[in-house]
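Student: Requesting a structural model of the entry that follows:
(one chain, ligands or ions: 2)
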Amino acid sequence: MDCLFCKIVEGKIPAKKIYEDDQVIAFEDINPQAPVHFLVIPKRHIASLIDLTEDDRELVGHMVFAAQKVAREQGCEKGFRTVFNCNEDGGQTVYHIHLHVLGKRQMTWPPG
Ligand code: 5GP
Ligand code: ZN
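Tutor: Ligands and ions are numbered 1, 2, ... in the order given. Prediction:
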């Protein structure tokens with residue numbers, strides 16, 4: 001399988017990693033859309049949010065708590081935006097599930 005984010009997990013492609021534990025890593029987005037923009041991904045390959053199963057409940061909660069911890073560390077106490085883009089209409093471009101965390105600027109709604 002040729003997956004960009006699996007290669008980042010394996011260290012085969014460099015990334016600015018800012019958090020790692022047994023289940024997830026977080027790293028800075030290569031094309032940041034805010035002063036803080038990082039991605040939280042599971043180490044295990046899951047293509048998209050729509051592919052999650054009941055067995056992944058704990059893992060998804062783990063991703064959210066990792067996002068919270070790193071957002072705090074990055075100084076996003078005033079707030080931040082979390083996004084899962086899912087499949088084509090959701091604007092997903094990398095098919096390894098990832099939680100975007102964007103902060104340190106005022107977000108707007110609706111998103112593009
Ligand atoms: P998506 O559009 O799938 O929700 O988000 C994919 C994100 O991955 C984009 O924000 C994009 O900038 C980021 N990205 C794509 N390739 C790389 C890469 O090689 N390294 C890093 N750090 N981020 C990447
Ligand atoms: Zn993958």
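
Student: what's the nearest residue to residue 13 if we skip its chain neighbours?
Tutor: Excluding the flanking residues, the one nearest residue 13 by Cβ to Cβ, 6 or more residues apart in numbering is residue 7, at 4.4 Å. For every residue, glycine as well, the C-beta is placed using N, CA and C.

Student: which SS state does that neighbour fall under?
Tutor: Classification of residue 7 by DSSP: H, G, I helix; E, B strand; the rest coil places it in helix.

Student: Count the residues that sit near it.
Tutor: Neighbour count of residue 7, defined by other Cβ atoms under 10 Å: 14.

Student: Tell me the pLDDT of it.
Tutor: Model confidence at residue 7, given as pLDDT, is 98.

Student: Could you do residue 112 as well?
Tutor: Confidence score, pLDDT, at residue 112: 87.

Student: again with residue 58
Tutor: Confidence score, pLDDT, at residue 58: 98.
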